[in-house]
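A.B. asks: Sequence first, predicted model second:
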Amino acid sequence: MADAKALGAFVLSGVGVRVPPSAPCGAAHLSPARQLLESAGRKDGGMGLSFELDPPLTDDLRAAIVALWVDVTNAGGAVGFVPPVTAGDIGPTADAALDAVAAGRDHLLVGIDGGRPVALLFVADNGHALKDHWRVLKRVMVAPDGQGRGYGAALMREAATVAEKMGLAGLQVTVRAGTGTEDFYARLGYREVGRVPRALRVAPGDDRDEIIMWRGLD
Ligand SMILES: CC(C)(COP(=O)(O)OP(=O)(O)OC[C@H]1O[C@@H](n2cnc3c(N)ncnc32)[C@H](O)[C@@H]1OP(=O)(O)O)[C@@H](O)C(=O)NCCC(=O)NCCS
């Protein structure tokens, strides 16, 4: 379970104003980039999950994201760490990822259910002039108590919608071999396009391939 204090504070402070795509005045105060990305706030098919793109990065939201990342890792999720971890372990990596969002380089897509963040991913810029037409989806995660309910698939569908609005040609994900997660992505239209052998040392004597998966966007 995520850190109750952090999530409680998050619920109290909320996540900012959601802008429905159809709101006639909503776009007026948004940057051109935000106008492109205004799928934020969309509800997904009746499952109680809604999405926020680049919500205000309050201290409460930052803490809730770290708590979610810790929970997912400690439940066995492959999001950059090996359990057991604490907020202190995840914090610096999370800060760097969120700072890139705050700087406008990357984007953060958060799935919210019952007022708390239950899913997230980062849409990461390649930082490369010749790779500006595609992005990498990183840290794809769903809260352990929300997994297996379609949230992950909904999150990925929303990310594809965001990417299409950005005019991107494709999306990449990288997967830790041995977790089975490549089947999750394959169901969503991603196919393996490469594999770096033994790229990930999850423990002494336990090296895993890193699988590169790609989905083109029409
Ligand atoms: C992987 C993850 C994001 C999937 O989210 P989820 O909400 O549990 O998945 P969904 O309920 O939307 O499942 C969608 C489909 O993918 C399948 N699926 C989900 N997780 C899977 C897995 N780990 N391996 C194989 N298939 C999986 C489901 O069975 C479902 O199939 P269906 O469409 O035939 O019913 C989630 O389990 C998670 O956060 N895992 C820990 C973090 C992690 O490892 N992230 C991957 C980083 S590369």
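C.D. replies: Looks like it arrived, so ask away. These numbers were taken from a predicted model, which means no experiment stands behind them.
A.B. asks: Within the helices and strands, which one has the residue of the chain found nearest the ligand?
C.D. replies: In the chain, no residue comes nearer to the ligand than residue 152, which is 2.1 Å away by CB to the nearest ligand atom. In short, each C-beta sits where N, CA and C put it, glycine included. Secondary structure from DSSP states H and E places residue 152 in helix 151-165.
A.B. asks: Identify each buried residue in that helix, please.
C.D. replies: Judged by neighbour count using 16 or more other CB atoms under 10 Å, the buried positions of helix 151-165 are 151, 152, 154, 155, 156, 157, 158, 159, 160, 161, 162, 163.
A.B. asks: Pipe those residues into a markdown table and attach pLDDT per row.
C.D. replies: Written out in a markdown table, the entries for the buried residues of helix 151-165 read as follows (pLDDT from 0 to 100):
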| residue | pLDDT |
| --- | --- |
| 151 | 98 |
| 152 | 98 |
| 154 | 98 |
| 155 | 98 |
| 156 | 98 |
| 157 | 98 |
| 158 | 98 |
| 159 | 98 |
| 160 | 98 |
| 161 | 98 |
| 162 | 98 |
| 163 | 98 |
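A.B. asks: quick one, phi/psi of the nearest residue to the residue of the chain closest to the ligand once chain neighbours are set aside?
C.D. replies: For residue 152, ignoring the flanking residues on the chain, the nearest one in space by CB to CB, 6 or more residues apart in numbering is residue 142 at 4.8 Å. Main-chain torsions, residue 142, degrees, to the nearest 10: phi -130, psi 140.
A.B. asks: Pretty sure residue 142 sits against residue 154.
C.D. replies: No. Taking contacts as CB atoms under 8 Å, residue 142 lies outside contact range of residue 154: 9.4 Å.
A.B. asks: what's the overlap in contacts for the two?
C.D. replies: Common contact partners of residue 142 and residue 154 (CB atoms under 8 Å, 6 or more residues apart in numbering): 111, 119.
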